[in-house]
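Colleague: when you get a sec, could you give me coordinates for this:
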Amino acid sequence: MRPSVLLGILCAIGAIGSPIGERAFKIDYVIVTMTVTDQNGYPASTQTPYNYKDEYAGSSQVPSSSHHKGHHHNAPASTSSSSLPTTNNNMVAPLPSTITTTSTMPGSYSAPPNNNHQAVSSSVASAAAPAPTDNSYQGKVLYHHNVHRANHSASDLTWNSELENCAQILASRCVYKHDTSIQPTTGSINGYGQNIGYGISADNVGALLTDMMYNDEMMNFQSYYGEDNPDMSNFDGWGHFSQIVWQGTTSVGCATVVCQNLGNAQSGQPLPFTVCNYGPPGNYAGEYAKNIAKPGNAPPIS
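Modeller: Numbering: from 1, shown residues only. Predicted coordinates for the structure are as follows:
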C-alpha cells in the first residue's frame, strides 16, 4: 500500500518527473530528475530524438511553491571518467536501519541540466517480477524496477557494473546535475539514460524508485498507451515512469553517495545523492507504443 499523506515534503523535478505529495517517511529536500540518453547513444535507430524545450531557460531557480518542477536538456560538458573527488566531504551511503533526516521545504532549487534523447527499440516478452531475494542496495534497486516492469510486460533488468561505475563517479562528484558522457574506469558504454535524485538514503532507495518515480507518474501516462508520439507537454509528469518500464532497456546500475555539501542543492547540510543509469536508454520519439505496454492488474506497492 502507498504511504499516507503528511505535510512538509517537497519533490522538485529538475529534468523529468512530477510533483509529489507528502510522504509518511521523513525526508529532506527530495528532488528527482531524469535524462534518458547521451547524444552518443545506442546506434541503429532511424528516428529523430525529441528535442525538449528548456522550461526554465536562462534561470537557475524556479518560483517557490509547494511543488516545483523544471527540465533542462543541454548537451553535457566534457568530463573525465577518472575525476573522482578527493575531499573528505563525500562517502558512499551506508544502509542505516532507520531514516533520521527531517522534513523541510526550501523556497527554490537549481534545476540540473540534461541531454538530448535517443534510444533503440526492441521487442521484449512478458516476464513475472521476482520476489526480493535480499535486502542489499542492488537487490532493492532491481526489485523496485522489475516489479513494475513485469506489470507492463517488460522483461527484468539486470545489474550492469559498468553503469554502476559511471553512476558512482557522477554521484561522488557531489554536484547535482546530469552527465551521461562519463565512461567506466574499465570498458566503455555506447550510451545510457539517467535518473538522479537527492534527499533519500540508500536504504530507502525503493521509495525513490517506486513511490516517487513510478506510483506518482503512472496515472499521468494512462491516456497515451498505444501512441508512438504522446503529447510531450506533460513529459515532466511521466518521464521517470516511462524510463522504468521501457521495454528496450535491459540493464541498470545505480549508486548513492552522501554529500556533505551537494552542489546545486542549496541545502548546506549532508544529503544522499542517487544516480541510476539505464542501458539502452528509453523515451525515444516515435517508439513509445512498442516500448510501453498497458499495466496489468498487479496491486500497487510502496
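Colleague: which stretches of the chain have low pLDDT?
Modeller: For the chain, applying pLDDT under 70 flags the ranges 1-133.
Colleague: quick one, helices of it?
Modeller: 137-151, 161-172, 205-206, 216-218, 239-245, 288-291 (DSSP state H).
Colleague: want to throw these into CSV with mean neighbour count?
Modeller: Any C-beta I mention is one placed from the backbone N, CA and C, and that applies to glycine too. CSV is the format used below for the helices of the chain (neighbours: other CB atoms under 10 Å):
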stretch, mean neighbour count
helix 137-151, 22
helix 161-172, 23
helix 205-206, 22
helix 216-218, 22
helix 239-245, 27
helix 288-291, 19
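Colleague: let's have the ones you listed in a markdown table, adding distance to Pro281.
Modeller: Shown next, in a markdown table, are the helices of the chain (distance: least, CB to CB, whole Å):
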| stretch | distance to Pro281 |
| --- | --- |
| helix 137-151 | 14 |
| helix 161-172 | 11 |
| helix 205-206 | 20 |
| helix 216-218 | 17 |
| helix 239-245 | 8 |
| helix 288-291 | 11 |
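Colleague: which one of those helices lies closest to Asn261?
Modeller: helix 161-172 (13.2 Å; CB to CB).
Colleague: list the helices and strands the closest one packs on?
Modeller: Helix 161-172 is packed against strand 251-259, strand 271-279, with contacts defined by 3 or more CB pairs under 8 Å, 6 or more residues apart in numbering; DSSP states H and E.
Colleague: can you list the ones you listed in JSON lines and add mean neighbour count and distance to Ala285?
Modeller: As requested, the helices and strands packed on helix 161-172 are exported to JSON lines (neighbours: other CB atoms under 10 Å; distance: least, CB to CB, whole Å):
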{"stretch": "strand 251-259", "mean neighbour count": "24", "distance to Ala285": "22"}
{"stretch": "strand 271-279", "mean neighbour count": "27", "distance to Ala285": "17"}
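Colleague: nearest to Val147, of the ones you listed?
Modeller: Of the helices and strands packed on helix 161-172, nearest to Val147 by CB to CB is strand 251-259, at 13.3 Å.
Colleague: same for that closest one, what does it pack against?
Modeller: Using 3+ CB pairs under 8 Å, 6+ apart: strand 251-259 touches strand 90-92, helix 137-151, strand 158-159, helix 161-172, strand 271-279.
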